[in-house]
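J.: Build me a model:
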Amino acid sequence: MVQSKQGTSRHEHPGTRDRDPGVELDVPAGAAAERIARARTSFLVNDPVEPGTVRAPILASWTRSRQWHVPADHLDLPYETDTDRDSLLTRAATPIVYEVADQLGDEPISVILCDEEGVVLERRTGDSTLNQHLDRVWLAPGFSYAERYVGTNGIGTALEGRGPAQVFGHEHYVEHLEDLACAGAPIRHPVSGKLLGVIDLTCWRREANRMMVAVASTIARRIEETLLDQSGRRELALLHDYLAACQRNRGAVFALSDDLLMMNDRARELLDPGDQVPLLANAAEALNAGRRSQLLVDLPSGAIARVHCRPSFTEDGLSGGVLQVQLVSGEVATSRSAALSHPSSLPATVGSGPMWAKCCQAVGRHFQSREWVVLQGEPGTGKRTLARATHQLYSPAAHLRLLDAEDYGPRWIAEVIEELETGGSGTLVLCHVDRLSAEGVQALSDALEPHRESTDPERPWVVATVDRTRAYTSPELSELLESFPRTVDVPPLRHHVEDVAELVPHLIARLTRGADLTCSPDAMRVLMRNRWPGNVEQLYHVLRKIVAKRRTGQITPADLPPECRAITRRVLTPLEAIECDAIVDALLDTDGNKAEAARALGMSRATIYRKIRGYGISMPPMAETGRS
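T.: You can find the predicted model right below:
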């Protein structure tokens, strides 16, 4: 993307000759700089680096850069066209950046503000030659200098290390940055401690000194003080309400806002993380209304929580408040043991994540009440497997029949009718009902109708599986599905991605017929960060490709096919995965217009920009035409 640097200027910069000779630069220069350059070359060709030549933080950063496969001979940076210029960080930091840049106007130094992803938001310098050089190396607004793209540098390394970082000359991982020196300091939210961005000072290598990092840290502290003045009022109000609630109430108490979550010890004891996800999601929605409210929330563990929501603030599209929580379905132990008495781990399914467990429990309840049910979800989520496993758990000796609607014809309908009339108390699973023609939908409706309202306890339990994206594409199909009294959403794998750790060894055992093949922790981390648009079915086919080449030993990241490389930066919680999907859907509905998508979702533009970057959402080119 970026060509090799052409003829970087070597002129004497202002102040070089007049510098006080008593000032100690204490930066790699002369022979020391040459030793670092040789050490970098040795590192890049996998030769040993002489101990003591390279500072430990730099060597650690080089190692990370190599693991990220950052090219050492050229720059290849992502560009963010819609940087958020009206965020909490930019409102607090921009005036300070301008003020500092004006004070340094006669010096060959640049003051740079970046967000938490390393994307440059502001760059100010009074030196035209330095300014042109920074343009040539793409250290400019909109480009990300995160370490995973640029390797070792003051911005990305400060973000990775969560502390001040200074990088001089050949300590940079990419060769076209060796004429520069930079010092970065992270900027944190003064109340929540959340990392918001980094302030960086960049200058010519020969102009650098060790005081740069101290100056950058001082600027970062000034920005944090301004953040406290500008936004601390809301957080302090929330903190005050939270502490007051904890003093008045011995029960579970949460404090919740867009950027802050606090809970007391009782909340941690009462609710495990799986139960907290749906509780907090429902409470956040209630707090957005700006008034006190009371909720009853069904939890994955089987308990029911009564949540008292008291807003502390609601303004500028942001909200926060205090939650007081009680379990109303008996004592904790009772509700937990009651949940355990209904197994969520079905004999033919794998997974113990809260969303999958809740889905399994719901289907089990409908089986026990003999209520016909529609299982809807994305392709490959395991709808058929779930229906079969529920039957095997509750009535393993009874008759089970699976009929795929793709085989529709006179014989298929005849088999449906035969199962309904002679199947007894067994189970009939009708797969891919959404693929029936209009004629097939009508024929199936006619076949089901005489038995739908039957009170015969021996009638078959009927399950229909459908692709949720096609479930209501015609009035006839909608009418057919509505004749089933219950519908259960089968979650996509990305909403219970923690189950990948259980699915992988299970599927490997199936594919290898018990051979000694395992998945390394590094490969498992890659698999767990994948979005899995094809769900469990895609995971199965990925593992089948791997097993075709490796039957024993240990699967490493190098064994994974290319489709596994599209990963998120971290494993998303179920709530985050749902939110990510909602944002993608809104962007698709608005042709990529982020402002319109934010309005549709009821969030501010600043919030949607932050979440798009945080979730790594990128829209296809045809959806990028609508610009906010």
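
J.: Please export the C-alpha coordinates of the helix or strand where residue 411 lies as CSV.
T.: Using DSSP states H and E, residue 411 sits in helix 410-422. Taking C-alpha atoms only, helix 410-422 is exported to CSV below (Å, rounded to 0.1, in the frame of the first residue of the first chain):
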residue,chain,number,x,y,z
PRO,A,410,-46.7,-37.1,-2.8
ARG,A,411,-44.7,-39.8,-1.0
TRP,A,412,-43.3,-37.3,1.5
ILE,A,413,-46.8,-36.0,2.4
ALA,A,414,-48.1,-39.6,2.7
GLU,A,415,-45.2,-40.3,5.2
VAL,A,416,-46.1,-37.2,7.2
ILE,A,417,-49.8,-38.3,7.4
GLU,A,418,-48.7,-41.9,8.4
GLU,A,419,-46.5,-40.7,11.2
LEU,A,420,-49.2,-38.4,12.6
GLU,A,421,-51.7,-41.3,12.6
THR,A,422,-49.5,-44.2,13.7
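
J.: going forward can the numbers begin at 264, since that is how I track them
T.: Sounds good: first residue 264 from here, last item helix 673-685.

J.: Mean pLDDT per helix and strand in the chain: which one sits at the bottom?
T.: helix 595-603 (a mean of 35; mean pLDDT, DSSP states H and E).

J.: Backbone torsions only: list them for the closest residue in space to residue 869 that isn't next to it in sequence.
T.: Nearest residue to residue 869 in three dimensions, chain neighbours excluded: residue 350, at 4.8 Å (Cβ to Cβ, 6 or more residues apart in numbering). All C-beta atoms are positioned from the backbone trio N, CA, C, and that covers glycine. Note on residue 350: its backbone torsions stand at phi -90, psi 170 [degrees, to the nearest 10].

J.: Contacts for the helix holding residue 674, please.
T.: 664, 666, 668, 689, 691, 693, 703, 706-707, 710-711, 713-714, 722-723, 725 (Cβ atoms under 8 Å, 6 or more residues apart in numbering).

J.: ok, 10 Å please
T.: Contacts of helix 673-685 from elsewhere in the structure, counted by Cβ atoms under 10 Å, 6 or more residues apart in numbering, are 662, 664, 666-672, 686, 689-693, 699, 703, 706-707, 709-711, 713-715, 717, 722-723, 725.

J.: which regions of the stretch 264-413 of the chain lie under the pLDDT threshold?
T.: Residues of the stretch 264-413 of the chain meeting the criterion pLDDT under 70: 264-292, 345-347.

J.: burial count for the residue nearest to residue 869?
T.: 20 (other Cβ atoms under 10 Å).

J.: residues touching it, list them.
T.: Residue 350 neighbours (Cβ under 10 Å, 6+ apart): 356, 378, 384, 459, 460, 867, 868, 869, 870, 872, 873.

J.: PyMOL command for the buried members of those residues?
T.: In PyMOL syntax, the buried subset of those is picked out as below (16 or more other Cβ atoms under 10 Å):
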select buried, resi 356+378+384+459+460+867+868+869+870+872+873
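
J.: Skipping its backbone neighbours, what lies nearest residue 657 in space?
T.: residue 630 (5.3 Å).

J.: Helix, strand, or coil at the one you found?
T.: Put simply, residue 630 is helix when judged by DSSP: H, G, I helix; E, B strand; the rest coil.

J.: hmm, back to that, distance of the residue nearest to residue 869 relative to residue 501?
T.: 20 Å (Cβ to Cβ, to the nearest Å).

J.: Over to residue 585?
T.: 7 Å.

J.: higher neighbour count, these two?
T.: Legend: neighbour count by other Cβ under 10 Å for residue 585 and residue 501, higher for residue 585 (26 against 23).
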